[in-house]
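# Following is a predicted model, sequence given first.
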Number of protein chains: 2
Amino acid sequence: MIVLTFPKPDIEQFFQTLSVQDFVLSPNEKQLVVSSNINGHYNLWGMDLPNMFPYPLTAKNQKTHALHYAKNGDFLIVGFDQDGDENIQLYALEPSGGSLLDLRQKEGEKHYFGALTDDGERLFYTSSKDNPSYLNGYCFDLTTGEETVVVEGNEAIIELIDVSADEKSILYSKHFSNSFMPAIVKTNGKDLSLTPPTDDEFTVTEAIFTTNDSIYFTTNYEADFSYLARFDIHTNEFTKVLELEGEELSSIKYDKTNGRLFITSTSKAEDRLFVYDLQNNQSKQISLPIHFIKKLIVSTKGSLYLLGEGSTQLNNIYRLDIIERNWEQLTNYKIPGVSKEELVEPEVVTYTSFDGLKIEALFYRANEERNNGHVIHWPHGGPQSSERKYFISLYQLLLNRGYSIFAPNFRGSTGYGLKFMKMVEQDWGFGPRLDNVKGIEWLVENGYVDYDKVFLMGGSFGGYMSLLLHGRHPEYFKAVVDICGPSNLFSFIDSVPEHWKPGMHKFVGDPVEQKDKLIEDSPSTYLDHMKKPMLMIQGANDPRVVKAESDQLVEALEKNGTVVDYMVLEDEGHGFSKKENEIKVYRRILEFFEQYR
Amino acid sequence: MIVLTFPKPDIEQFFQTLSVQDFVLSPNEKQLVVSSNINGHYNLWGMDLPNMFPYPLTAKNQKTHALHYAKNGDFLIVGFDQDGDENIQLYALEPSGGSLLDLRQKEGEKHYFGALTDDGERLFYTSSKDNPSYLNGYCFDLTTGEETVVVEGNEAIIELIDVSADEKSILYSKHFSNSFMPAIVKTNGKDLSLTPPTDDEFTVTEAIFTTNDSIYFTTNYEADFSYLARFDIHTNEFTKVLELEGEELSSIKYDKTNGRLFITSTSKAEDRLFVYDLQNNQSKQISLPIHFIKKLIVSTKGSLYLLGEGSTQLNNIYRLDIIERNWEQLTNYKIPGVSKEELVEPEVVTYTSFDGLKIEALFYRANEERNNGHVIHWPHGGPQSSERKYFISLYQLLLNRGYSIFAPNFRGSTGYGLKFMKMVEQDWGFGPRLDNVKGIEWLVENGYVDYDKVFLMGGSFGGYMSLLLHGRHPEYFKAVVDICGPSNLFSFIDSVPEHWKPGMHKFVGDPVEQKDKLIEDSPSTYLDHMKKPMLMIQGANDPRVVKAESDQLVEALEKNGTVVDYMVLEDEGHGFSKKENEIKVYRRILEFFEQYR
């Protein structure tokens, strides 16, 4: 009997968790193009189906922010920013890869892909270049180099969504705020709203043409949860099509070959998939191999490709075998030497907040033999976003080292209806904060943790919330990690990207009219109470929460005698896109918790 | 009509040429494990056949120098050195990857994998740890941790090759020199030579057990070209089995299931593959998808897996469909955005040297529309090696930029018989040098190049030859690139690895007895003539040609007023294993030629 005792999983192994960020399929279904960090940076790789061995297409070392395969199969449209600065530039790329051809670029400006005509000749996109606050929609002719403005942004940020096959109708959204986002179709020079007039706010999540006249979309117009609706350009008629109890419908893909729609929905932090038959108006649920859908593609032939993940499943691409009705896994990322059984699935728990509101949370409990008794409280970012069953290698690493993680979907989170989501607007610091506090109290009351064993960590809004919780409830936490969180709401409002500014009043509050509230809700107000050890992490290029937000806090805290470990990543923006940075950050976070445990 | 004019292939694209260095197959044929630089460094990746999508197994960032899958399927034995220092250490690795388990290590020493018993319990390997000059063979018991010396090296470097299934016989080679390498089987404590007694020198290239008593091997014993032979341990009988006119037989793989051998041979710089049926003694050629075979594996079920490349084909793995008799390509590396048609296949040309000896050369001619009229003369390394139809991205990059490349198999090269190969021994600087000079003259005489348009570049022995040609024939060259070439044969002989030393007399010459010849053949003797611009590249950890060899030359040349660009790679040995270093080196080489063109 041979006995080889292999070492326990090393930190390094959890860092080797690679990911597919985006993917696209060639029209003939013979090539899959993925954006993946297989070589440590995000790059585009091709695969000649059915062979899944990837070959490099680009050496750009950046995440992609647009990925579209021309219907004629001749080229791709791809978008890249520089190290997280979010100034996306558009390029063309040959299917065999190689050098990028500049398509639409302007330094310091954003270019969002909208649509490409089937003949590959006209590119519709949105850009900040002439209209930094509200953006314009453009049609760029690739054959002549001529460009026209097709939609002018005013009163709200616009973004081109789709163009009808006859190019007579252009679909675009108006982003007033995360909770007020109608969609408009411009047809024969006339703007038609997909939804009837109303004084209420609502959002349109996704909208697509199924014919030149027919648009299907998901919206929560006059409802709390999003449903499927249809708009007829010809008759100007709005119809509610499909509503699913307690389900938040979001993305729609059109399967032209079989005359049906694939619709994604979310409930209880998990995604679901439905197929809706346009002929007989029947819908049916399709079981999923993962818990979170990142992207769906319907091939020209009607095959369904899915990019998704789960708490214990890395980001991978799957294909649905329509006949067998099972999912074939195409990419095959896993953690080296760590089996799925060694990873932890969260429990979805519910607790009651200070005002009776029910709050759902994801609770990852470290396996009994590893449990070190400590819980890391994680308020998610957004805030109009939510904690879902994502694969988060940092979580699994911490769990493997014995830490449990508690991540509440406090008020303001998405997936719980429009009303719930709006509750964070102009109230960043009261309700959401107490939801977090109540979550910790619930943990203690139920015997999951002792008061002296709670850590706090969050990024973006979660970083803000961590700072605020630290400032207002320091007695709850042993130590605090803040990843690019705003520290002062006044300077934050001042420094966000230009096109965010029109929405800041509604989203956060007005610096003049709500001055007292913003002072009360700014972590910087409570500097004197922030005495617990801190680790602060910031991307130097972050355009959303600028580095000055962290700089000023670090300076003030250090003056105050607080121990602050400050880590600036020179080539990152809002989040970390490079494997080596991720490794540095995760290692430091683990060391930090180990130090103060 | 859409007109997108994509940029011409960029240098970067040629650098994105990834490679499979080695591979192995799980006994159940369900997992392929490859060593590939897919993430910029060589690491092990797994693939769950038939899906070829790779997932990472290790994060060692080193080339593998041993890769063996235990027959019981439970683990792999892998070997790594550190950044090219060639001190290979052996580890065990789980098939799902993760942390490496130390198996046999000793700092500063070499450990070469030999064999692992089918039950995975006993590891046979060769190490320098107790015998730095000649090495010993060991049997390490993985269940008890006990170790015994099974073969002691003396008079020549030994290396364990294989162990019979009953473990009664151990096969090993004795490396006196590259041209004298007999193989011995140790059975019941007795050493039996696979070949009958002779005063002539010869080599055994590969040897394997087919039964406990029967060994098949390739050798040039009493012949100029290698053939297939058999040795019977029971009867002590040597039999010549298969000889192929003009073919140099090298590697043998045993297909136990079908009772046949797969044999590799070389002729005219191209590899061939033959299958030899042990029942009916018939051999048949199998057509190949590439020109150079790097590794062959026969699966337990009898499928054939091949790792190979060609001048215009990157390193990839193929599987032979025995029924269809065609090769299926499994890995899919290619140059991004550059089609095979844009790459250049070499012509195999022959010319006559100063003494009438026929010399074969590979001549890569830049496509007419790109040709800049310049030829880069490339003497290969070894020298007892040869220029073959390898995929060399540097060549293809230079060809794409208009340079042609001429690479002669001067005397001393392998693949042209034993006599030809021995011609470089104790004559590094005369015959081989004039073969190179004659090659350039042949190019000029045939109108392929003008005398003032020849560059010179080589690595290892090729670096030495470049230095020597520069010193003795400076008028032939515009500028010279030397990659880790010995500059002074005396100090070179002194500084090679310990286990090389016994063979240096035969290989290069005796510093005392052949003092005058070694002075005459040392590039350092001709310092005063080396006036052409030079680029010198050296790995700091190179154990074969130590950095001091380059240092001393650079110092002397600079004193002499020669323009020397000196590039030291801190984390490399004899050659470049890391993508970023490769990129740096190749970029510099191209710039250097462009500068002096």
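Okay, I see it.
# and the residue in the stretch 451-597 of chain A that chain B sits nearest to, how many neighbours?
Closest approach between the stretch 451-597 of chain A and chain B, counting by CB to the nearest CB: residue A:579, at 8.3 Å. C-beta: built from backbone N, CA, C; applies to glycine. When neighbours are counted by other CB atoms under 10 Å in any protein chain shown, residue A:579 registers 20.
# what do you get for residue A:78?
Counted with other CB under 10 Å, residue A:78 comes out at 30.
# Surely the residue of the stretch 451-597 of chain A closest to chain B is in contact with residue A:38?
No. Residue A:579 is not in contact with residue A:38 according to CB atoms under 8 Å; the separation is 9.6 Å.
# residue contacts, the residue of the stretch 451-597 of chain A closest to chain B?
Residue A:579 makes contacts with A:15, A:18, A:37, A:40, A:41, as judged by CB atoms under 8 Å, 6 or more residues apart in numbering or on different chains.
# a markdown table for the residues you listed, including pLDDT and neighbour count?
A markdown table is the format used below for these (pLDDT from 0 to 100; neighbours: other CB atoms under 10 Å in any protein chain shown):
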| residue | pLDDT | neighbour count |
| --- | --- | --- |
| A:15 | 79 | 21 |
| A:18 | 89 | 23 |
| A:37 | 92 | 21 |
| A:40 | 83 | 17 |
| A:41 | 88 | 18 |
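# Helices of chain A, residue ranges please.
A:11-15, A:393-400, A:418-422, A:431-445, A:461-472, A:489-495, A:501-507, A:515-521, A:547-559, A:579-596 (DSSP state H).
# Mean neighbour count, those: which tops it?
The highest mean neighbour count among the helices of chain A, using mean count of other CB atoms under 10 Å in any protein chain shown, belongs to helix A:461-472: a mean of 26.
# Touching it from outside, list them.
Outside of helix A:461-472, the residues within contact range by CB under 8 Å, 6+ apart are A:377-383, A:385, A:428-429, A:432-433, A:436-437, A:456-458, A:476-477, A:480-487, A:521-523, A:525-527, A:529-530, A:532, A:534, A:545, A:553.
# can you give me the angle it makes with helix A:431-445?
Calculated by axes from the mean of the first three to the mean of the last three CA atoms, to 10 degrees, helix A:461-472 forms an angle of 70 degrees with helix A:431-445.
# what's the average pLDDT for helix A:461-472?
Regarding helix A:461-472, the rounded mean pLDDT is 96.
# where's the residue of the stretch 351-500 of chain A found nearest chain B relative to residue A:332, distance?
Going by CB to the nearest CB, chain B is nearest to residue A:400 of the stretch 351-500 of chain A, at 12.1 Å. To residue A:332, residue A:400 is 21 Å away according to CB to CB, to the nearest Å.
# Worst mean pLDDT among the helices of chain A?
Ranked by mean pLDDT, the helices of chain A end with helix A:11-15 at the bottom, a mean of 80.
# For that helix, C-alpha coordinates in PDB please.
Only the C-alpha atoms of helix A:11-15 are listed here, as PDB (Å, rounded to 0.1, in the frame of the first residue of the first chain):
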ATOM      1  CA  ILE A  11      -3.200  29.800  -0.900                       C
ATOM      2  CA  GLU A  12      -1.600  29.600  -4.300                       C
ATOM      3  CA  GLN A  13      -4.100  27.100  -5.400                       C
ATOM      4  CA  PHE A  14      -7.000  29.300  -4.700                       C
ATOM      5  CA  PHE A  15      -5.300  32.000  -6.700                       C
END
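# Let me see the contact set for the residue in the stretch 51-200 of chain A positioned nearest to chain B.
The nearest approach of the stretch 51-200 of chain A to chain B comes at residue A:98, 1.8 Å away (CB to the nearest CB). Shown in contact with residue A:98 (CB under 8 Å, 6+ apart): A:57, A:58, B:6, B:7, B:9, B:10, B:13, B:336, B:337, B:338.
# Since that was my last question, I'll sign off now.
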